[in-house]
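**Student:** One predicted model, sequence on top.
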There are 2 protein chains.
Amino acid sequence: MTTRRRGRPAAGSSPDTRAAILAAARSQFAARGFNGASMRSIAKEAGVDASLISHYFGDKAQLLVATMQLPINPLEKVQGVLAGELDGMGERLIATFLGAWDPHREVFSTMVRSTLGGPDPHATPVFQLAQNVVVAGVRDRIPGTDAHVRATMVASQIVGLAVMRYVLELEPIASAEPEDVARLYGAAVQTLLG
Amino acid sequence: MTTRRRGRPAAGSSPDTRAAILAAARSQFAARGFNGASMRSIAKEAGVDASLISHYFGDKAQLLVATMQLPINPLEKVQGVLAGELDGMGERLIATFLGAWDPHREVFSTMVRSTLGGPDPHATPVFQLAQNVVVAGVRDRIPGTDAHVRATMVASQIVGLAVMRYVLELEPIASAEPEDVARLYGAAVQTLLG
């Protein structure tokens, strides 16, 4: 849960208000994309003041994650790894990814399949999360003029791992020990980070 | 086209026969998987002699590729790269993949989306091609007791690249020059091959 209630609920902050904000956010993200949707446009559609959204959910990325009703908070996970040093970051990135999603592999599989099998993959929260949280976070953390393209390659590697391990369940990568996957696959990811 | 007619067609080798073999092969691969389906079981379902299948299509992997009606022959491409030396194979693998699929990105995107969005991804030709041509080919080519798991990781990286470049069309990786992608992504793949 990413609810950020502090102390007593503000006036009008019923579960209905929270649900209305999430519904408006889903609708705006799908129609306008992450960058096109604004806290203001979401507030307008939900019929609430924009400050109430910040109060409940924090910033726009946190609101996006909240719309996805995930069993873990990928934003915190990614930011935690990116805050560490660059050396060994590839292995820590993969270890953290597996630690978060191995217990919820059906959720991840459903998410990927509905995204890629659906009518407009670009409009989905998964795509927007990958682009605006994972890619943007990695890009801002690594050196070089080609940081952006290399960051998309890191995201590609993680997507490929997730498809094989969780969706297609290809052996032996599907059942391999997380630490072995983190070590081997992490070394490959590292070549794009350093 | 993977048709292997040599000289005059054999008796009974009409377009209808060829179509019947392909229909039976699709049905058997879907029902039994690549390993479970045999040339014999396919011949039986098609009502032809097994030797006629070899005559038309070659071996079982070639028959699988023929069922997919692809604009290129991935079997020949992969085998060409795997026949070369291990040094630089990562870059050549990615360069060859992009050279083959960049001109047909819509075909690849449709193939991936129908595989991952469909009811049984394991039963699809794409999965069986990845497992029995790409993974098996790489596994047999690289050293080490963990060759099999590393081969699945190479396949994961290629799947991830394809999803980002062709299906999700995430920039800047979607429009990046093939040689830049081959150099950077190929270096990452290489860590799993050597």
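**Tutor:** Cool, got the structure. Residues are numbered from 1 along each chain as shown, chains lettered A, B, ... in the order given.
**Student:** just for chain A, where's the confidence low?
**Tutor:** Flagging of chain A using pLDDT under 70 yields the residue ranges A:1-13.
**Student:** For the closest residue to chain B within it, list the residues it contacts.
**Tutor:** For chain A and chain B, the shortest gap (Cβ to the nearest Cβ) falls at residue A:117, measuring 1.7 Å. C-betas here are computed from N, CA, C, even on glycine. Residues near residue A:117 by Cβ atoms under 8 Å, 6 or more residues apart in numbering or on different chains: B:113-114, B:116-118.
**Student:** Using CSV, lay out those together with secondary structure.
**Tutor:** Below are the contacts of residue A:117 laid out as CSV (DSSP: H, G, I helix; E, B strand; the rest coil):
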residue, secondary structure
B:113, helix
B:114, helix
B:116, helix
B:117, helix
B:118, coil
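**Student:** ok, the longest helix out of those in chain A near chain B or not?
**Tutor:** As assigned by DSSP state H, the longest helix anywhere in chain A is helix A:15-36. No. Using Cβ under 8 Å from any Cβ of the partner chain, helix A:15-36 stays clear of chain B, coming no nearer than 12.5 Å.
**Student:** how does chain A divide up, domain by domain?
**Tutor:** As given by automatic domain parsing, the domain ranges for chain A are A:15-67, A:74-193.
**Student:** how close does the spatially most central residue of chain A get to residue A:60?
**Tutor:** The C-alpha lying nearest the average C-alpha coordinate of chain A belongs to residue A:129 (Cα atoms, centre = their mean; 4.0 Å). Residue A:129 sits at a distance of 12 Å from residue A:60 (criterion: Cβ to Cβ, to the nearest Å).
**Student:** now do residue A:185
**Tutor:** Shown here: residue A:185 relative to residue A:60, a distance of 31 Å by Cβ to Cβ.
**Student:** Which residue of those two possesses the greater neighbour count?
**Tutor:** Ranked by neighbour count (other Cβ atoms under 10 Å in any protein chain shown), residue A:185 and residue A:60 place residue A:185 first, with 32 against 19.
**Student:** Tell me who's in contact with the nearest residue to residue A:50 once chain neighbours are set aside.
**Tutor:** Using Cβ to Cβ, 6 or more residues apart in numbering or on different chains and skipping residues adjacent in sequence, the residue nearest residue A:50 is residue A:43, 4.0 Å away. By Cβ under 8 Å, 6+ apart, the residues touching residue A:43 are A:21, A:24, A:49-50, A:52-53.
**Student:** got JSON lines for these, with neighbour count and distance to residue B:157 too?
**Tutor:** Formatted as JSON lines, these follow (neighbours: other Cβ atoms under 10 Å in any protein chain shown; distance: Cβ to Cβ, whole Å):
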{"residue": "A:21", "neighbour count": "24", "distance to residue B:157": "39"}
{"residue": "A:24", "neighbour count": "22", "distance to residue B:157": "38"}
{"residue": "A:49", "neighbour count": "14", "distance to residue B:157": "46"}
{"residue": "A:50", "neighbour count": "15", "distance to residue B:157": "42"}
{"residue": "A:52", "neighbour count": "19", "distance to residue B:157": "44"}
{"residue": "A:53", "neighbour count": "25", "distance to residue B:157": "38"}
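**Student:** Show me which pair in these is furthest apart.
**Tutor:** A:24 and A:49 (12.7 Å; Cβ to Cβ).
**Student:** helix or strand right after the helix or strand in which residue A:64 is found?
**Tutor:** Residue A:64 is part of helix A:60-67, with elements assigned from DSSP states H and E. Using DSSP H and E, the helix or strand that follows helix A:60-67 towards the C-terminus is helix A:74-82.
**Student:** What residues sit buried inside that next one?
**Tutor:** Neighbour-count burial for helix A:74-82, counted by 16 or more other Cβ atoms under 10 Å in any protein chain shown, picks out A:74-75, A:77-78, A:81-82.
**Student:** Kindly report the same for stretch A:130-145.
**Tutor:** By neighbour count on 16+ other Cβ under 10 Å, the buried set for stretch A:130-145 is A:130-139, A:141-142.
**Student:** how about it, does it reach chain B?
**Tutor:** Yes. Stretch A:130-145 is in contact with chain B by Cβ under 8 Å from any Cβ, via A:130-131, A:135.
**Student:** Please produce CSV containing the residues you listed, extended by secondary structure.
**Tutor:** Below are these laid out as CSV (three-state DSSP):
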residue, secondary structure
A:130, helix
A:131, helix
A:135, helix
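**Student:** now the strands: where do they sit in chain A?
**Tutor:** Counting by DSSP state E, chain A has no strands at all.
**Student:** The spatially closest residue to residue A:138 that is not a sequence neighbour: neighbouring residues, count only.
**Tutor:** Sequence neighbours aside, residue A:151 is the residue nearest to residue A:138 in space, at 4.0 Å (criterion: Cβ to Cβ, 6+ apart). Residues lying near residue A:151 (other Cβ under 10 Å) number 24.
**Student:** pretty sure residue A:151 contacts residue A:133?
**Tutor:** No. With contact defined as Cβ atoms under 8 Å, residue A:151 does not reach residue A:133; the gap is 11.3 Å.
**Student:** ok, and what's touching stretch A:168-177?
**Tutor:** A:161, A:164-166, A:181, B:116, B:121-122, B:127, B:130-131, B:135, B:148-149, B:152-153, B:155-156.
**Student:** Which of those fall in helices?
**Tutor:** A:161, A:181, B:116, B:127, B:148-149, B:152-153, B:155-156.
**Student:** Tell me which two of those sit farthest apart.
**Tutor:** B:116 and B:148 (23.0 Å).
**Student:** Of those two, which one has the most company?
**Tutor:** In this view residue B:116 and residue B:148 are compared by other Cβ under 10 Å, and residue B:116 has more residues nearby, 24 against 19.
**Student:** which residues does the residue nearest to the more buried one when sequence neighbours are not counted contact?
**Tutor:** Excluding the flanking residues, the one nearest residue B:116 by Cβ to Cβ, 6+ apart is residue A:116, at 4.5 Å. Residues near residue A:116 by Cβ under 8 Å, 6+ apart: B:112-113, B:116-117, B:163, B:167.
**Student:** Residue A:61 too?
**Tutor:** A:75, A:132-133.
**Student:** Much appreciated, bye for now.
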